[in-house]
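Visitor: 3D model of this:
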Amino acid sequence: MTGLDRWILGEFARLEDEILPAYEAYEFHAVYQKLSQFAAVELSAIYHDAVKDRLYTDPANSPRRRSTQTALHRMVTQLCQMLSPILVFTADEAWEFVPGRPKDAPHVHLATWEPTTLTRSETEETTWRRHFEIREHVLPHLEKARQAKTIGKALDARLTLAGSNLMLNDGQAHRESLRELLNVSQLEVHFAPAGGEPTLNVSVAKAAGQKCERCWHWEEDVGRVAANPTICGRCVEAVSQIRKFKVQSSKFTQHVSRFTFHASPKNKVPSPPPIGREGFTTGRGVTLRRYHYGEVTTSTPAQPSMAVWISDALIPKPTPTSLEQNRSRTA
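Guide: So this is what the prediction gives:
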């Protein structure tokens, strides 16, 4: 996992260690205060603000994006369980939308809450503590630059950090992690050891290059690819992977049979002629079956309206109840 994801999971584990004894002591006000503080500060103001870029613009299967999805999944699962004693109905409703929840716990109140643990090395904890110290030092300078109309928001900034403070040594070694935490487009770190009082000088300027229409970062490689003249190199790579996925999906859809088609979420999708009441066979002899979600067939979050056939090996066998429901939907 990335350092930022490990940091938030470490903070979350610390929160769980505080919530459990509060529940045991029936100090529900303390539970509310600690959860509210975590959601407003660590989770929203810091973590979500930093990772929204990778969630929105990275390729769907990129390691960095998947790392964040893993961290979010762990937290939403545990948060539903932590909130269930005081937000009974809301927590249970949220639990219904948690993917991969325990099969033996259809309701959150049937799940067992076991506080998580995350062990981080002392070096890693020191690095991220220093990152946040730099962040606290930099934020006032970014605000002054906004007030002076030098930048509009943090992503418009080119930030230069220089000095003899040891924090800059870690910042130089983990520059990309620090840049993402500061939420600026460009970052330069210059560490120069010197005697006397440690120094940390901050310079804020307008970022060089052009603004990418897709990720809103200012980059100097925007327009280098003629086919994508308004986006940066990172986004070109992401878009090319999306196009590759669409081509593969199209080929797969064409291969399955004439019964595979696209449908709008507003339209009702009829079933194909059944084989063995479970599916049908493609030209290559692979038995496939549709997975129904409401009135449409879904594949991936990226293309929820595409009717896709899934191998029997990938999804559980239908129960008699589910078969009756599927027939009633397509009747």
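
Visitor: Can you report how many residues lie near Ser36?
Guide: As a burial measure, Ser36 scores 10 neighbours (other C-beta atoms under 10 Å). Heads up, the C-betas are built off the backbone N, CA and C, glycines and all.

Visitor: Flag every buried residue along the helix or strand it falls within.
Guide: Using DSSP states H and E, Ser36 maps to helix 28-38. Going by neighbour count (16 or more other C-beta atoms under 10 Å), the buried part of helix 28-38 is Val31, Lys34, Leu35, Phe38.

Visitor: Next: stretch 226-243.
Guide: Judged by neighbour count (16+ other C-beta under 10 Å), stretch 226-243 contains these buried residues: Asn228, Ile231, Cys232, Gly233, Arg234, Cys235, Val236, Ala238, Val239.

Visitor: Among those, which one sits closest to Glu180?
Guide: Nearest to Glu180 among the buried residues of stretch 226-243, counting by C-beta to C-beta, is Arg234 at 12.5 Å.

Visitor: right, and that closest one touches Arg54 too?
Guide: No - between Arg234 and Arg54 there is no contact under C-beta atoms under 8 Å: 10.4 Å.

Visitor: now Ala91, what's its secondary structure?
Guide: helix (DSSP: H, G, I helix; E, B strand; the rest coil).

Visitor: And the strands in the stretch 101-250 of the chain?
Guide: 157-163, 186-191, 201-206, 210-211, 218-219 (DSSP state E, counting those that start in this stretch).

Visitor: nearest to Phe97, of the ones you listed?
Guide: Of all the strands of the stretch 101-250 of the chain, strand 210-211 sits nearest to Phe97, with 34.8 Å by C-beta to C-beta.

Visitor: how far does the closest one sit from the chain's center?
Guide: 24 Å (C-alpha atoms, centre = their mean, to the nearest Å).

Visitor: what residues does that strand touch?
Guide: For strand 210-211, the external contacting residues (C-beta atoms under 8 Å, 6 or more residues apart in numbering) are Asp156, His217, Trp218, Glu219, Glu220, Val222, Gly223.

Visitor: okay, the closest residue to Ala105 other than its chain neighbours: pLDDT?
Guide: Of all residues beyond its chain neighbours, the one nearest Ala105 is Ala111 (3.8 Å), with distances taken as C-beta to C-beta, 6 or more residues apart in numbering. Here the pLDDT value assigned to Ala111 is 92.

Visitor: what's Ala111 in contact with, if anything?
Guide: By C-beta under 8 Å, 6+ apart, Ala111 lies in contact with Gln81, Trp95, Arg101, Pro102, Ala105.

Visitor: Can you tell me which of these lies closest to Thr199?
Guide: Gln81 (46.9 Å).

Visitor: Specify the angle between the strand or helix carrying the closest one and helix 28-38 in degrees.
Guide: Per DSSP H and E, Gln81 falls inside helix 63-83. Angle of helix 63-83 versus helix 28-38, following axes from the mean of the first three to the mean of the last three C-alpha atoms, to 10 degrees, is 160 degrees.

Visitor: ok, now how distant is Glu24 from Trp113?
Guide: Distance, Glu24 to Trp113, by C-beta to C-beta, to the nearest Å: 12 Å.

Visitor: actually Leu181, sorry about that
Guide: 30 Å.
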